[in-house]
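Asker: Provided below are the primary sequence and the corresponding predicted coordinates.
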Amino acid sequence: MSTTERTFIAVKPDGVHRGLVGKIIARFEERGFKLIALKQITASKEHLEVHYQDLKDKPFFPSLIEYMSSGPVVAMVWQGLDVVKQGRAMLGATNPLASAPGTIRGDYAIQTGRNICHGSDAVDSANREIAHWFKNEEINDYDSPFINSWV
Ligand code: RTP
C-alpha cells in the first residue's frame, strides 16, 4: 500500500454515451484520489484484445471487444492510497445486478455487458494497463497541495 499507487480506470463506451463521465470523475476526486492522466480514445480491436488478453478464451470475448470498440472510452490514471482495491470497490461487482447501491455500477447499470466502467484488479495489472494505454509523457506526476498533505 502506498500513496503513489496507481490504477487504470476507464469509462466504457456506454458510460460516455450516457453522459456519466463527469459523475465518475467526481466520485474519484471527492474520495481523495488524484487524477494524473486522462484522454478520450476510440480504441482499436487490436488494442482491446491486448487489454483483455486474459479473457481471450471466454465465450463473451468477441462481444466484449465489439462493445468496447463501439465508441470512445475515457481512459484515466488515478493515484492514491490503496487506489487499486478502493477503485474496484467504488465500481462495484462486475454484474451490476450484484453491485451494492452507492457503487458506480450499482447506481447506474443493470447489465454485465453494459457495465459502464473498468478498473484494474491488481497492482500488477494496473501497471500493465497504464503502460498499454498511456505514454510516459501523458502521465502527470504533479504535487497537489490538497491531496496527501497535512489535511
Ligand atoms: P473490467 O475488467 O471491465 O473492470 O471488469 P471485471 O474485472 O469486473 O470483469 P472481467 O471478468 O475482467 O470481465 C471484463 C468485462 O467483460 C464483460 N463481461 N461479460 N458473462 C458475460 O457476458 C461477461 N462477463 C464479463 C464485462 O463488461 C466485464 O466488465
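Answerer: Yes, it's here. Residues are numbered from 1 along each chain as shown.
Asker: Does residue 122 touch residue 84 like I think?
Answerer: Yes. Using CB atoms under 8 Å, residue 122 makes contact with residue 84 at a distance of 6.4 Å. No exception for glycine: its C-beta is placed from N, CA and C like everyone else's.
Asker: Looking at those two, which one has more neighbours?
Answerer: Using other CB atoms under 10 Å, the more surrounded residue of residue 122 and residue 84 is residue 84, with 24 against 12.
Asker: Apart from its neighbours in sequence, what residue is nearest that one?
Answerer: Using CB to CB, 6 or more residues apart in numbering and skipping the chain neighbours, the partner closest in space to residue 84 is residue 7 (4.6 Å).
Asker: Repeat that for residue 70.
Answerer: In space, residue 70 is closest to residue 13, 5.0 Å off (CB to CB, 6+ apart).
Asker: quick check, stretch 6-23 touching the ligand?
Answerer: No. Counting by CB under 6 Å from any ligand atom, the ligand is not contacted by stretch 6-23; separation bottoms out at 7.1 Å.
Asker: Now the terminal residues of that stretch, how far apart.
Answerer: Length of stretch 6-23, first residue to last, CA to CA, to the nearest Å: 20 Å.
Asker: What residues of it count as buried?
Answerer: Neighbour-count burial for stretch 6-23 flags 6-16, 20-21 (criterion: 16 or more other CB atoms under 10 Å).
Asker: Now do that stretch: distance to the chain's middle.
Answerer: With CA atoms, centre = their mean, to the nearest Å as the basis, stretch 6-23 stands 7 Å off its chain's centre.
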